[in-house]
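K.L.:
here you go, sequence then predicted model.
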Amino acid sequence: MKRQKCLLAGGLIALAAASVCAPWAHAAGPAKTPAPATKPALTAAQTDIPGVIARVSPSVVAIVGKPDGRGAARDNRFNLAHGTGLVVKADGWILTNAHVVKEMDSLTVITVDGRQFAGTVTNMDEESDLALVKIAATGLSPATFAPNYSIKVGETVVAIGTPISVSLRNSASAGIISGVDRSVNSTYRLIQTDASINPGNSGGPLVNLKGEVVGINSLKFVSVGIDNLSFAIPADTAQYVMSHFFTYGKVNRPYLGAELEESWAAVVGLPTKEPLRVVRVDPGSPAEKAGFQTGDVIYSVNQVPFTTVVEFNELLKRYLPGQTVEIVAQSGGDLIKRKVTFATKP
């Protein structure tokens, strides 16, 4: 079977060099304080595709920079890299993909109205492929994230970004949610869509017809005979990572210290109840201290079962280093329960 090639949606382009030029609050008061006014319902014109694009575009920016490195290629002023970002706080916080800014310096962030700001990468997490960029700006229009992973297969979505060239920034394409809970070269689950995602769209939003961000566009499959197989990082993962960025400065993942292997059925995407098998235990890790060995199988953490590595990683988002959980496993033919205290991931 021919191997499919996976292409990240942010890429190098050749174009003229561009000139670079708060926590949520809540009201408190006595019982007599009137309740805040309810948010007005969206009109039909605001929930059609043109209305969604008009409302979301002010939150979408282009990110341009020089490819990291040295030599004639870097010194060529026409040799630029670019991607897309999403405003998440009005005072200049921009969310994007880690692969967009990983090998880029001299960042310039361009808003929908053409304003240009120097950008600095403040946080980066390659495991989730997310990063934060800070610009010296105020009064920006933050995006709204969809609550609780509330998307359905078949739902209409719109992708907004900077495909191919900065001159095409804030381009939009529409499609549907083709699938959820996808696992494609990723630690966490992804959303599949048939909306057109092209090089440069990376880091831009995938939004529903309420104008809510359901995902951050990240990668696509590219091969002869393959069309419109694109993937986005779900909103809940983006919010999880951002929360850790703002709280800890990094994603503060819990560390078990055991490499887990899926069953054959799970690898090929078939329904299965087969547990994960321990194939390696790190010396001195929480797993070793709890008595786990190669060949053990793990069924659940705090009574929550899982059968894939992605499901296990999604479950770990609930915990922090230092927290103790109960793991149900099978070792030497015996079904056992072990207490494990997570450490900080190296």
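P.N.:
Good, I have the coordinates.

K.L.:
burial measure for S171, as a count.
P.N.:
A count of neighbours around S171, defined by other C-beta atoms under 10 Å, yields 22. For glycine as for every other residue, the C-beta is placed from the backbone atoms N, C-alpha and C.

K.L.:
ignore what I typed, I meant T307.
P.N.:
Neighbours around T307, by other C-beta under 10 Å: 18.

K.L.:
that one is in what secondary structure piece?
P.N.:
Using DSSP states H and E, T307 sits within no helix or strand.

K.L.:
neighbours of the residue nearest to P67 when sequence neighbours are not counted, how many?
P.N.:
Of all residues not flanking P67 in the chain, A81 sits nearest, at 5.0 Å (C-beta to C-beta, 6 or more residues apart in numbering). Neighbourhood size, A81 [other C-beta under 10 Å]: 22.

K.L.:
how near is A81 to F312?
P.N.:
34 Å (C-beta to C-beta, to the nearest Å).

K.L.:
give me the pLDDT for the residue nearest to P67.
P.N.:
pLDDT, A81: 87.

K.L.:
output the lowest mean pLDDT helix or strand found in the protein.
P.N.:
strand 11-14 (a mean of 29; mean pLDDT, DSSP states H and E).

K.L.:
following that strand, which helix or strand shows up next?
P.N.:
helix 49-56.

K.L.:
what's that following helix packed up against?
P.N.:
strand 156-161, strand 171-182, strand 205-207 (3 or more C-beta pairs under 8 Å, 6 or more residues apart in numbering; DSSP states H and E).

K.L.:
what does the longest one contact?
P.N.:
What it means is strand 171-182. For strand 171-182, contacts defined as C-beta atoms under 8 Å, 6 or more residues apart in numbering pick out 49, 53, 57, 151-163, 189-197, 214, 228-229, 231, 234, 310.

K.L.:
if you set the cut-off to 6 Å instead, what comes out?
P.N.:
49, 53, 151, 153-160, 163, 189-196 (C-beta atoms under 6 Å, 6 or more residues apart in numbering).

K.L.:
what's the biggest helix by length in the chain packed up against?
P.N.:
When the chain is parsed with DSSP state H, its longest helix is helix 235-248. Packed against helix 235-248 by the contact rule (3 or more C-beta pairs under 6 Å, 6 or more residues apart in numbering; DSSP states H and E) you find strand 212-222.

K.L.:
in the strand it packs on, what's buried?
P.N.:
E212, V213, V214, G215, I216, N217, S218, L219, K220, F221 (16 or more other C-beta atoms under 10 Å).

K.L.:
pretty sure the second one contacts A235?
P.N.:
Yes. Look at V213 against A235 with C-beta atoms under 6 Å: they come within range, at 5.5 Å.

K.L.:
any shared contact partners between these two?
P.N.:
Residues touching both V213 and A235 by C-beta under 6 Å, 6+ apart: F145.

K.L.:
as CSV, could you dump the C-alpha coordinates of stretch 329-345?
P.N.:
Listed next in CSV are the C-alpha coordinates belonging to stretch 329-345 (Å, rounded to 0.1, in the frame of the first residue of the first chain):
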residue,chain,number,x,y,z
ALA,A,329,-3.8,-3.1,35.5
GLN,A,330,-3.0,-6.7,34.9
SER,A,331,0.4,-8.0,35.9
GLY,A,332,1.5,-11.6,35.9
GLY,A,333,-2.0,-12.7,35.2
ASP,A,334,-3.5,-10.9,38.2
LEU,A,335,-5.8,-8.0,38.1
ILE,A,336,-4.4,-5.3,40.4
LYS,A,337,-4.9,-1.7,41.5
ARG,A,338,-1.9,0.5,42.0
LYS,A,339,-1.6,4.1,43.3
VAL,A,340,0.7,6.3,41.2
THR,A,341,1.8,9.8,42.0
PHE,A,342,2.6,11.7,38.7
ALA,A,343,5.9,13.5,38.4
THR,A,344,6.8,16.5,36.2
LYS,A,345,7.4,15.4,32.6
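
K.L.:
report the mean per-residue pLDDT for that stretch.
P.N.:
The model assigns stretch 329-345 a mean pLDDT of 95.

K.L.:
ditto for stretch 98-114
P.N.:
93.

K.L.:
what separates it from the chain centre, distance-wise?
P.N.:
Remark: stretch 98-114 is offset 17 Å from the chain centroid, using C-alpha atoms, centre = their mean, to the nearest Å.

K.L.:
which residues belonging to that stretch are considered buried?
P.N.:
Within stretch 98-114, judged by 16+ other C-beta under 10 Å, the buried ones are A98, H99, V100, V101, M104, L107, T108, V109, I110, T111, V112.

K.L.:
how about G83: what's its closest non-neighbour residue?
P.N.:
V100 (3.3 Å).

K.L.:
hmm, back to that, contacts for the helix or strand that the longest helix of the chain is followed by, please.
P.N.:
Sequence-wise, the next helix or strand downstream of helix 235-248 (DSSP H and E) is strand 254-255. Strand 254-255 is contacted by residues L316, Y319, P321, F342, A343, T344, K345 when judged by C-beta under 6 Å, 6+ apart.
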